[in-house]
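1. need a structure here:
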Amino acid sequence: MNNRIYSAVIFLLFFIMKQIASAQFAYISPTPGSSFHNPEEQIILGSDVSLDASLLSSPELFQVHGSVSGVHRSKIQLVDDNGKILLQPDTKFTEGETVSVNIADGIHTKSGATLKGISFTFKIRDPRNPEQQLQITKALRQVYEEDFPSRAENLKVKPPGAPTQGIPDFTILTNTTSSTGDIFFSDFNFYVNDAAYYCIVNNNGDSVFGKQDTVTFNNFELNRNGYLTAYNQHDSDFVMLDSNYKAIGTYQMGNGYKADVHEFLIFPDGTHWMLCYDPQIVDMTVYNPNYNSAATVIGCVFQKLDKNNNVIFQWRSWDHFGILDADHVNFANAIIDDVHSNAIDIDNDGNILLTSRHLSEITKINSSTGDIIWRFGGGSQNQFTFTNDNDKVSWCHDGRRIANGHITVFDNGNYHSPATSYGKEYQLDEVNKTATLVWSFKRTTSQGDIFSKAMGDVQRLPNGNTLICWGLVNTLNNVPKITEVDSANNIVWELQLADQDAVYRALRHNWSPCARPSNSTITASDITSTTAKIKWKPATNASSYDVEYRKVGTITWTAKTISAVSAKIKNLTPSTKYEYQVRSHCMNAGAPLSAWSNIKKFTTAPQRLDSTVSPEISFDIYPNPTSGNLFLNVNSVDRQSLTITIYDASGKLLISQESVNSDANKILINTNMLPNGFYFAEVNSASGNVVKKFVKQ
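-> Numbering: from 1, shown residues only. As a prediction, this is how the structure comes out:
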């Protein structure tokens, strides 16, 4: 049987099983009848309408059974605005087993309708022996190095050591009528270990932020929620940073998958999209007897997760693409990088745009059902007729919907003749399936046109200019790595890095961060037994502030929101240690809230020391802080009998000293025996008493 016919038949059977199983559900994951799932797989059932919460107390409606592992009890959750049921099995499934899911009649919608039960199966991937696991590890390394090459193979002459400052060496070649905003990018060097940086620079090349990368970060950018994010290769997760560049969160995929560097989108409501590569051992001889019977074929998985990190949508290339759909990929190889997805974008209608390099394709996917809406590009599955562009796109990156409704894409052009890279913009007629090239730009140098072997992106800017990152350019010397052009393709801004440096993406943003108050300016003062004043200096873009405080060792914070830069907190407990923190609210910034400041502490005064100052007695205390002797200069109408006592912060009496019939104003207290800390000095006389605080250091 013809290979492509065989593939089509398998896919058709897959589709029929899915339709039968999902008669009452718009979305089911895992796809009924599918294979290659991780043992950590969870089950998602999506409806077109909101579901009634009564199902949460009806576990008898849900049965999950592994052919080897047996019955699995599941935690049941309603997610995605009560439109989806998430079943989280109590234990992992067993490798190689088939899982049966049976949903009984009786799930109710909020409108009172009752859904009909369904049954379906899916298969967990087979066990992997050590040799296969090594093969998979090697395959993933090979795929990663296609986009982020090893340093050893790219240049004939090793360059000098990397700059030690927090930003790489670069040159601004042009800066005329460029757009406003700063350029965000991460840069790495093919040769020099630890020669990687994540950077923000302005049009003049001044550093807004630069840090030498010691964690192996990449894909550093300002995300959709107004916070900075970067990929951490060591932990296979994305890190979120606040406007003070402090890590405030990490994000990882679910269902046993490890996030890939290529894409991470996070929105203000906390929902986020992540993708990864998914290597599986596949018998390719079913397509051709001359192919490998145990090839490592690398698919793609992407997920939508909610703010609680629940997977609420999962899409896998295995369920929707044929292995033979790949463009310019040798199917006889032992390692087949079949899809190589690199970008996710949310379309104007809420559906998903997925860019896949090895399909030479942008795929539009229904965000409710997971079904493919259309396939556009230069690969074998393209559904569009191209106008003004016989080359179409080849091994592309970064497909995006822009404000005018068109699609931009970075066309790496690996299989154009000659190989040439372009930024491109297409007008798509999605009904009649036509694609008209309305704009393109290639960068011609004295050595020829730039060709980017991998990476790269295109960003249409609000003023109509376009920013192009050329990605991995290792065939030409002294060429730009980032270019901005106006609507007439005049170069208005350009940055050149060292020849051996590459940039995965570069993006321009007008960034108005919501900064938290600087930790060094936050202090507690005017501390009594029941009150304290917390104060700080204004933070950038802050319109108001939250102050939280609690007793050390307790869980619950007490909070107050104020517009001033100080807050008096009351009703505290004497002789008690408290901790506190401050954050900013910002009305006109990219993010509505800053991160919290570092937690600081103070201790309230003892109750007995919180006395009323007598107008007939006062004293000065010096030196304060002291390292030895302490002097009290006392002014009192009654000088015949003075008692001086020293207490620690808990109210414990440490020193008591009487000064009888003293005519001298200055009284000496030896504090050499006291450990460093703060203390209270009290002067008592027949006229009254007064307390002051001092520090021993």
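
2. what's around Asp347, how many residues?
-> Number of residues near Asp347 (other CB atoms under 10 Å) recorded here: 15. (Each C-beta comes from the backbone N, C-alpha and C, glycine too.)

3. Make residue 1 into 459 and carry on from there
-> Noted, 459 is the first residue going forward, which turns the last one into Asp805.

4. wait, isn't it in contact with Thr821?
-> No: with contact defined as CB atoms under 8 Å, Asp805 does not count as touching Thr821 (11.2 Å).

5. which residues are in contact with both of those two?
-> Leu811 (CB atoms under 8 Å, 6 or more residues apart in numbering).

6. isn't Ser512 right up against Lys568?
-> No: Ser512 is beyond contact range of Lys568, at 10.0 Å (criterion: CB under 8 Å).

7. mind giving me the domain ranges of this structure?
-> According to automatic domain parsing, the chain comprises the domains 461-581, 588-967, 977-1062, 1067-1154.

8. Can you report phi and psi for Gln591?
-> Torsion angles at Gln591 (phi, psi; degrees, to the nearest 10) stand at phi -60, psi -40.

9. For it, give me the pLDDT.
-> In this model, Gln591 is scored at 89, pLDDT.

10. What about it, how many residues nearby?
-> Using other CB under 10 Å: Gln591 sits among 12 other residues.

11. where does the protein dip in pLDDT?
-> 459-481, 604-623, 648-653, 672-675, 1047-1049, 1066-1073, 1095-1098, 1108, 1118-1122 (pLDDT under 70).

12. All the strands of the stretch 859-1008 of the chain, residue numbers only.
-> Secondary structure of the stretch 859-1008 of the chain by DSSP state E, counting those that start in this stretch: the strands cover 865-869, 880-887, 892-899, 902-903, 906-907, 915-918, 924-927, 940-943, 949-955, 959-967, 981-983, 990-993, 1002-1009.

13. what helices or strands is the first one leaning on?
-> With contacts defined as 3 or more CB pairs under 8 Å, 6 or more residues apart in numbering; DSSP states H and E, the packing partners of strand 865-869 are strand 855-859, strand 880-887, strand 915-918, strand 924-927.

14. Buried residues in the longest one, which are they?
-> Yep, that's strand 880-887 we're talking about. Buried residues in strand 880-887, counted by 16 or more other CB atoms under 10 Å: Tyr880, Gly881, Lys882, Glu883, Tyr884, Gln885, Leu886.

15. Please enumerate the strands of the stretch 709-858 of the chain.
-> 722-724, 730-740, 753-763, 769-774, 793-795, 799-804, 810-814, 819-823, 830-835, 843-845, 855-859.

16. Excluding chain neighbours, what is closest to Val1141?
-> Phe1077 (5.3 Å; CB to CB, 6 or more residues apart in numbering).

17. That neighbour against Leu1090, yeah?
-> Yes: counting by CB under 8 Å, Leu1090 is a contact partner of Phe1077 at 5.0 Å.

18. just to revisit the earlier point, which one of the strands of the stretch 709-858 of the chain lies closest to Leu1100?
-> With CB to CB as the criterion, Leu1100 lies closest to strand 722-724 of these, at 65.5 Å.

19. Contacts made by that closest one with the rest, please.
-> By CB under 8 Å, 6+ apart, strand 722-724 touches 677, 681-683, 685, 687, 689, 696, 698, 709, 730-732, 802-804.

20. cool, and stretch 933-950?
-> 631-637, 641, 643, 899, 901, 903, 905-906, 908-909, 911, 919, 922-928, 931, 951-955, 957, 959-961, 964, 966.

21. give me that answer again for 7 Å
-> 631-632, 634-637, 641, 899, 901, 903, 905-906, 908-909, 922-928, 931, 951-955, 957, 959, 961, 964 (CB atoms under 7 Å, 6 or more residues apart in numbering).

22. just stretch 1031-1039 next, same as before
-> 982, 987-988, 992, 1005-1010, 1030, 1054-1055, 1057-1065, 1108-1109.

23. Hmm, Phe760 and Phe771 touching each other?
-> No: between Phe771 and Phe760 there is no contact under CB atoms under 7 Å: 8.6 Å.

24. Just the buried residues of the contacts of stretch 933-950.
-> Looking at these with 16+ other CB under 10 Å, the buried ones turn out to be 632, 636-637, 641, 899, 901, 908-909, 923-928, 931, 951-955, 957, 959, 961, 964.

25. Which positions in stretch 1051-1071 come out as buried?
-> Taking 16+ other CB under 10 Å as the neighbour-count basis, stretch 1051-1071 is seen to contain the buried residues Leu1051, Ser1052, Ala1053, Trp1054, Ser1055, Lys1058, Phe1060, Thr1061, Thr1062, Ala1063, Pro1064, Leu1067.
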